[in-house]
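S.K.: this one's sequence-less:
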């Protein structure tokens, strides 16, 4: 792939075939590009295959399938950060992969992520590495209590976290997370959770959507609201932080940066997601170019769009059987509805979302 | 199909596989519905197949293919009004077709269309039926000069029209249109061309997007601008006219109504398109629910969305090799880009469009 924009008719490979891959595939089609989904698990066919020209049904460790996929694609991207780095490295020897292995390596290891955030001059939550239960007492001195013990590598199933109230809980917490290399994180008494969806183009230009304010329930995103209702200074700091992280990673594409607003307005960088992000779904209706089109523009070497919004928006996830209320939501004024086409509505599973639009408030 | 909304996982058949079918298929996916394209000609695969689960590659007269298509679909709609009525009637005996044969019959015959418009209490351009060159002198008395002779049945290729300056041109005009049953239409000294994209639900509710002002070049739409820059009374009259036509047809789905604004603000109904419409593409970015999602909501028996816009918009078609400027347009602020994924960029062919968004002006 040269530095010139990918021509219409070219093929974008997408690792992962869930709802994010589905929305990326739609963005590909609108740019005149073909989407080729690589998805080894889950639904048959996966949600993204519905709107993609091609689907490879093979494991992330299937070298022959990976090589054929690389040969069929002009550029490869991903909808999911827990792709094995070896998979990405194999592909990257054959076809450009955007974002690259560096961003994935940082996002897949909480210790690497926090180290990177601090090296970039930003603040992660106070933390310490924990390689065994014996490390926990010293780590608690760095974080204070209560603190959260989290495995360094992300789990696929939301497990791998345990709360520690005091040093006496160390052994139990270590066992609870599966006795794996971990980090201990301070709990931040935050006043708000923000996220910034930031894009960086192949030419190094950066464009960020307006920060959204997030509400989680039971560890799952419930709602993102834009505008976030915070001071201009805090919002600007959040955007600058996200841009700085993207540039430091030499990132190409859209990434989601989650931040906590600590009392006094200080920002703590909580997490970097090297992909389009659930907290950016409001951009589908509220921006001329949404996060998915922006991501595809970036990975295809096209100019980034400005990321201005032209409406206020509240995006609400529909989890599990909440999806059954979609027709009722459809009847509400100003509500856009999205169904991800998944089969089983397991509790907590992201089945769809709705976005309520309101006139731009500034 | 009962009166209850089509459940996610159901299949919407779409007759026609061009760019309108493509955008309808995307709307299906977002509602959790499968799209099944029926397209006998043109590109291989057709633009809509890129984002649809199924594609039937068969002629509109292939009864076995039609029956299999009907059996595979829960409801059938269309992106193209020149589907043979016999095709629609055969399907309609097996599966609900929305909109139905009545709307198609009206839209496919200019004489039936003008008669219907007048019966609905609205004004077509002055016209007269012409069944042979000998009818033209009398017809000119009804229309004045210059007038346009048009075949009653629509041509697939934009042919079938001839301008007549006076009665002496009758024979030549008749030959030019292919000596087919025709109508003679007055030329209206209009001050503006408008279109209204109106939706009617299965329950009879009606919702119209804000009227757009259209500019044509060489008979092809160049640009649609919203707001249209006309008085509130004219815009309201246009919306009421479109709603009245949809209701009179017992229409289900989205339709496009083209109108001329004559001096003094009187509205002339020029044409009814029983489908989503090029002049409604601006709704993709400027409305919470665009014309495609609105159409699928209607044909699937879901509640209609309100059709409010939250931004001003100018949609410009990219014809023929103008599509090569897409990357340049992508760099302009506030511009959304669309490439239809077609192969040959023949002169005048609709290859894509761009929409410039601006803050809502009221």
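M.R.: Cool, the structure landed. A quick note: this is a predicted structure, and the numbers were derived from the prediction, not measured. Residues are numbered from 1 along each chain as shown, chains lettered A, B, ... in the order given.
S.K.: quick check: residues of the stretch 1-150 of chain A near chain B?
M.R.: Contact residues (CB under 8 Å from any CB of the partner chain) of the stretch 1-150 of chain A with chain B: A:5, A:8-9, A:22, A:25-26, A:29-34, A:50-53. For glycine as for every other residue, the C-beta is placed from the backbone atoms N, C-alpha and C.
S.K.: which of those sit farthest apart?
M.R.: Farthest-apart pair in those is A:5 and A:50; separation 26.6 Å (CB to CB).
S.K.: of the two, who's got more company?
M.R.: Taking other CB atoms under 10 Å in any protein chain shown, residue A:5 and residue A:50 do not tie; residue A:50 has more neighbours (27 against 18).
S.K.: wait, that one sits on residue B:50?
M.R.: No: counting by CB atoms under 8 Å, residue A:50 stays clear of residue B:50, with 11.2 Å between them.
S.K.: what count of nearby residues applies to the closest residue to chain B within the stretch 151-300 of chain A?
M.R.: The nearest approach of the stretch 151-300 of chain A to chain B comes at residue A:288, 4.3 Å away (CB to the nearest CB). Per other CB under 10 Å, the neighbour tally for residue A:288 reads 26.
S.K.: and what of residue A:17?
M.R.: Applying the criterion other CB under 10 Å, we find 29 residues in the vicinity of residue A:17.
S.K.: same deal with residue A:138?
M.R.: Residues near residue A:138, counting by other CB under 10 Å: 12.
S.K.: immediately after the helix or strand where it lies, which helix or strand?
M.R.: Assigned by DSSP states H and E, residue A:138 belongs to helix A:136-143. Remark: after helix A:136-143, the chain's next helix or strand is strand A:147-151, criterion DSSP H and E.
S.K.: and the angle from that next one to helix A:136-143?
M.R.: 120 degrees (axes from the mean of the first three to the mean of the last three CA atoms, to 10 degrees).
S.K.: hmm, back to that, so which elements touch the helix holding residue A:138?
M.R.: strand A:127-130, strand A:147-151, helix A:170-176, strand A:182-186 (3 or more CB pairs under 8 Å, 6 or more residues apart in numbering or on different chains; DSSP states H and E).
S.K.: make a markdown table from the ones you listed and add mean pLDDT and mean neighbour count to it.
M.R.: Formatted as a markdown table, the helices and strands packed on helix A:136-143 follow (pLDDT from 0 to 100; neighbours: other CB atoms under 10 Å in any protein chain shown):
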| stretch | mean pLDDT | mean neighbour count |
| --- | --- | --- |
| strand A:127-130 | 96 | 22 |
| strand A:147-151 | 94 | 23 |
| helix A:170-176 | 92 | 16 |
| strand A:182-186 | 95 | 24 |
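S.K.: residue A:298 is in contact with residue A:305, isn't it?
M.R.: No: the pair residue A:298 / residue A:305 is not scored as a contact, 9.9 Å apart, by CB under 8 Å.
S.K.: can you show me the strands along the stretch 151-300 of chain A?
M.R.: A:161-164, A:182-186, A:192-200, A:206-208, A:212-217, A:220-226, A:253-261, A:267-273 (DSSP state E, counting those that start in this stretch).
S.K.: okay, now the unreliable bits of the stretch 251-362 of chain A?
M.R.: The stretch 251-362 of chain A contains residues with pLDDT under 70 at A:362.
S.K.: list the buried ones in stretch A:259-269?
M.R.: Within stretch A:259-269, the residues that count as buried by 16 or more other CB atoms under 10 Å in any protein chain shown are A:259-262, A:267-269.
S.K.: pLDDT wise, what is residue A:73 at?
M.R.: Confidence at residue A:73, expressed as pLDDT, is 98.
S.K.: could the buried residues of stretch A:259-269 be laid out in TSV, adding distance to chain B?
M.R.: Shown next, in TSV, are the buried residues of stretch A:259-269 (distance: CB to the nearest CB, whole Å):
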residue	distance to chain B
A:259	27
A:260	30
A:261	28
A:262	34
A:267	28
A:268	33
A:269	29
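S.K.: what's the closest of these to residue A:93?
M.R.: Distance ranking of those against residue A:93, using CB to CB, places residue A:269 first at 31.5 Å.
S.K.: for chain B, what's the nearest residue on the stretch 201-350 of chain A?
M.R.: Proximity to chain B, evaluated over the stretch 201-350 of chain A using CB to the nearest CB, is greatest for residue A:339 at 2.9 Å.
S.K.: how about the contacts made by the nearest residue in space to residue A:197 that is not next to it in sequence?
M.R.: Among residues not flanking residue A:197 along the chain, residue A:280 sits closest, at 3.7 Å (CB to CB, 6 or more residues apart in numbering or on different chains). Contacts for residue A:280 (CB atoms under 8 Å, 6 or more residues apart in numbering or on different chains) come out as A:195, A:197, A:209, A:212, A:224, A:254, A:256, A:290-291.
S.K.: with that, I have no additional questions.
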